[in-house]
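Q: I would like the atomic coordinates for the input below:
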Amino acid sequence: MKKVIFINKGLNNEDIKAVKCVDDKYMLLSYFVGQFRFLDDIQEVIDDLENVKNGLQTWGDIIYPLGNNWDIGYGNGSLDVENNVAYFLTGNKYNKSFKIPIQEFIDIMKDWKVFMT
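A: Numbering: from 1, shown residues only. Alright, predicted model coming up:
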């Protein structure tokens, strides 16, 4: 089941590149994906997730330079990865926490990179 869709037209038909969640449950996912606009940054996220998935780095190694927290959408939540599962943890009452398999998350980021090219 799709969790997000990529759009290239805004409300007033202006040209944009954005991520929209298909269900409010996945709002944090859309915030996370959409905050990466440049191909190099998107690839860095993909590489980080693949390194954790393949056991080349721990999640702690990845987030240590970020202050041990990977913020989503200016304090709306945070990302945690454990045992090949990505956890989107809400930082307020307006969003919902959820989890997805890390490979599904990697695939979404790869699709976003293709969309942004």
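Q: name the residues of the host helix or strand of Leu79 that come out as buried.
A: Here Leu79 sits within strand 77-82, counting by DSSP states H and E. By neighbour count, and taking 16 or more other C-beta atoms under 10 Å as the criterion, the buried residues in strand 77-82 are 77-81. The C-beta positions use only the backbone N, C-alpha and C, and glycine is treated the same way.
Q: got the contact list for it?
A: The set of residues external to strand 77-82 that reach it, using C-beta atoms under 8 Å, 6 or more residues apart in numbering, is 28, 31-32, 49, 52, 59, 62, 69-72, 86-92, 95, 97, 102.
Q: how far off centre is it?
A: Averaging C-alpha coordinates over strand 77-82 and over its chain gives two centres that are 10 Å apart (C-alpha atoms, centre = their mean, to the nearest Å).
Q: ok so, going back, dump the buried residues of strand 77-82 into TSV; add distance to Ile106 and pLDDT as well.
A: Compiled in TSV, those are given as follows (distance: C-beta to C-beta, whole Å; pLDDT from 0 to 100):
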residue	distance to Ile106	pLDDT
Gly77	19	94
Ser78	18	94
Leu79	13	96
Asp80	16	95
Val81	11	95
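Q: closest to Glu44 out of the residues you listed?
A: When the buried residues of strand 77-82 are compared for distance to Glu44 (C-beta to C-beta), Leu79 comes out closest, at 13.9 Å.
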